[in-house]
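In: Sequence plus predicted model, see below.
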Amino acid sequence: MKLKSFIKKNWGNLFIVVVIALLLIPQTGMPVKVFFSRLIAFSPSEIATEKQTSIQNYNWILYNEAGERVNFSNSEGKVTLVNFWATWCPPCVAEMPSLQNLFDEYGGKVDFYFVSMESHDRVDKFKNKKGYDFPNYRPKEQVPTAIQSYSLPTTFVISKSGKIVVKKSGAANWDSDATKLILETLLAE
């Protein structure tokens, strides 16, 4: 009877203790963090026109999964999405399904760069496990100043004219009508 009374009085505190314990246990910590990141992920919004900056230098060398050298300058004049992410980052993992869906729908119209500092082997294992097929790149040299970020995930949507139209740090829902409207508008320019 005392235990029942104790639980009834302190259920909120007990719940918090259980959630914290789940976060601290490695096997459950990542899924719990991904779950909560997805709960708070909203559609990214467009940067106000007067606050948009431009990429001045597209010359940036990356390596694709096949080990081939790719120059970001190939995307100059195209609508481009650049996502900086890592497999160990819960908000990155949380937004990946929506980014994969966006890639599935716009992969032929928009240039996508999923950029990770991790080895291609590690990223490939993650992608295979999750069933993702988006292209992954490793940077060979310093990221262009306009799209440098020190937090993961960070995603940029760049217009054909090189303007950074969206800059979103943290998990987002990229498979949203709002995001698709931004991309459709940029593609029509």
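Out: Perfect, thanks for sending it.

In: Tell me how far Ile147 lies from Val166.
Out: Counting by CB to CB, to the nearest Å, the gap from Ile147 to Val166 is 11 Å. Where C-beta positions appear, they are placed from N, C-alpha and C, glycine not excepted.

In: Asn83 touches Pro153, doesn't it?
Out: Yes - Asn83 is in contact with Pro153 according to CB atoms under 8 Å; the separation is 6.2 Å.

In: what's the burial count for the closest residue to Arg122 other than its chain neighbours?
Out: Once flanking residues are discounted, Arg122 sits nearest to Thr87: 6.1 Å by CB to CB, 6 or more residues apart in numbering. Applying other CB atoms under 10 Å, we find 17 residues neighbouring Thr87.

In: Low-confidence bits of this protein, can you list those?
Out: Where the chain drops to pLDDT under 70, the residues are 1-42.

In: For Ala172, name its beta-bridge partners.
Out: Bridge pairing for Ala172 (DSSP bridges) gives the partners Phe42.

In: Number of residues surrounding it?
Out: Around Ala172 there are 25 other residues, counting by other CB under 10 Å.

In: Over to Asn83?
Out: There are 27 residues near Asn83, going by other CB under 10 Å.

In: Give me the distance between it and Ser98.
Out: On the measure of CB to CB, Asn83 and Ser98 end up 11 Å apart.

In: same question, Ser43
Out: Ser43 sits 9 Å away from Ser98, going by CB to CB.

In: Over to Lys168?
Out: 12 Å.
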